[in-house]
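A.B. asks: Have a look; sequence and predicted model below, questions after that.
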Amino acid sequence: MPPRAAHPGTATPPGAGPRTDPAAEPYPPGQRRTGSGEPPGAASDAAPGAPPGDPLDGIAGWAPATTPAGRFRLVPVRLDHDLSLLTRWMNEPAVAAFWELAGPPSVTAAHLRAQLDGDGRSVPCLGVLGGTPMSYFEIYRADLDPLARHYPAWPHDTGVHLLIGGGADRGRGLGTTLLRAVADLVLDHRPRCTRVLAEPDLRNTPSVAAFLGAGFRFDAEVDLPDKRAALMIRERALSHLL
């Protein structure tokens with residue numbers, strides 16, 4: 001689920017504190033740094049072909065992934081095209097319990113616009129499997145998000161939020177398959193990123209289990225403004241072991 005008091009995007013929600021200007025102070029106080037300004041193992045340049053200045057290196061152009069469940073692709077959300085589908089998913093009880101976005105389309109639209117109208121540090125995407133939209137992802141710069149106030153962030157840390165849309169797709173291991181694929185896509189297309197992160201609610205045990213199955217490790221319990229989260233990390237340096 002997304003951090004309720006630290007939604008990625010340009011607008012900082014009430015109670016999250018003032019938004020840091022990334023041009024003036026790119027990383028929050030206390031963040032871990034290396035002498036070069038990049039974490040160990042990071043490349044110094046953006047991915048070839050990525051739009052200049054794009055905080056997430058051009059998700060719209062990322063290649064699809066081949067998974068045991070079929071061909072998978074991240075497709076950035078188009079509000080006019082995808083709002084009805086996403087509103088339906090947000091009103092599913094299993095989703096609403098953690099995302100807390102149940103209600104009319106305007107509720108989901110406001111959540112999406114906070115990202116779509118932002119500076120590109122968070123991108124809402126449909127997860128399309130075998131040509132069918134069946135999941136929703138938010139890929140965001142964790143090091144530029146209010147989340148970074150709650151853990152020792154590294155430059156270019158990339159966060160992931162996930163929901164599986166229809167009930168028929170839940171409970172059969174697809175979450176693990178898709179999280180593994182998305183983490184691979186992030187690391188393949190973001191050479192400066194050395195870690196993919198998530199912060200599911202500790203109460204959401206199926207979500208925590210899916211991240212563990214996808215090669216993430218449990219790092220710590222983190223007290224966020226509206227939840228106690230499990231900080232999950234997948235590291236580039238250990239990818240060869242997965």
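C.D. replies: Received it, and whenever you're ready, just let me know what you need. For clarity, every value in this text was computed on a predicted model and none was experimentally measured.

A.B. asks: Give the other helices and strands that the host helix or strand of residue 212 contacts.
C.D. replies: Following DSSP states H and E, one finds residue 212 within helix 205-213. The contact analysis (3 or more C-beta pairs under 8 Å, 6 or more residues apart in numbering; DSSP states H and E) places helix 205-213 against helix 174-189, strand 227-235. In this view, the C-beta of every residue, glycine as well, is placed from N, C-alpha and C.

A.B. asks: Show the average pLDDT along the very next helix or strand once past it.
C.D. replies: Scanning forward in sequence from helix 205-213 by DSSP H and E, the next helix or strand is strand 217-224. In this model, strand 217-224 has an average pLDDT of 96.

A.B. asks: With stretch 77-92 instead?
C.D. replies: Mean pLDDT, computed over stretch 77-92, is 98.

A.B. asks: ok, now which ones touch the residue positioned nearest the centre of the chain?
C.D. replies: Centroid-nearest residue in the chain: residue 160, 1.9 Å away (criterion: C-alpha atoms, centre = their mean). Shown in contact with residue 160 (C-beta atoms under 8 Å, 6 or more residues apart in numbering): 137, 138, 139, 140, 179, 182, 183, 186, 196, 197, 198.

A.B. asks: how about 6 Å then?
C.D. replies: Residues in contact with residue 160 (C-beta atoms under 6 Å, 6 or more residues apart in numbering) are 182, 198.

A.B. asks: Report the secondary structure state of it.
C.D. replies: Using DSSP: H, G, I helix; E, B strand; the rest coil, the structure places residue 160 in strand.

A.B. asks: what about the strands in the chain?
C.D. replies: Counting by DSSP state E, the chain has these strands, from start to end: 65-67, 70-76, 122-129, 132-141, 158-164, 195-198, 217-224, 227-235.

A.B. asks: out of the helices and strands packed on helix 205-213, which comes closest to residue 51?
C.D. replies: Of all these, helix 174-189 sits nearest to residue 51, with 12.1 Å by C-beta to C-beta.

A.B. asks: pLDDT averaged over the closest one - what is it?
C.D. replies: Across helix 174-189, the average pLDDT comes to 97.

A.B. asks: And the spatially closest residue to residue 92 that is not a sequence neighbour, how far from residue 95?
C.D. replies: With sequence-adjacent residues excluded and distances taken as C-beta to C-beta, 6 or more residues apart in numbering, residue 92 is closest to residue 167, at 6.8 Å. Counting by C-beta to C-beta, to the nearest Å, the gap from residue 167 to residue 95 is 10 Å.

A.B. asks: Look at the two and report which has more neighbours.
C.D. replies: More crowded of residue 167 and residue 95, by other C-beta atoms under 10 Å: residue 95, with 21 against 11.

A.B. asks: hang on, the more buried one packs against residue 162?
C.D. replies: No - contact criterion C-beta atoms under 6 Å: residue 95 and residue 162 do not qualify, at 10.6 Å.

A.B. asks: So, low pLDDT: which residues of this structure?
C.D. replies: The chain contains residues with pLDDT under 70 at 1-49, 239-242.

A.B. asks: Recalculate using a threshold of 80.
C.D. replies: Residue ranges of the chain with pLDDT under 80: 1-52, 237-242.

A.B. asks: Out of the strands of the chain, which gets nearest to residue 150?
C.D. replies: Judging those by C-beta to C-beta, what sits closest to residue 150 is strand 217-224, at 5.1 Å.
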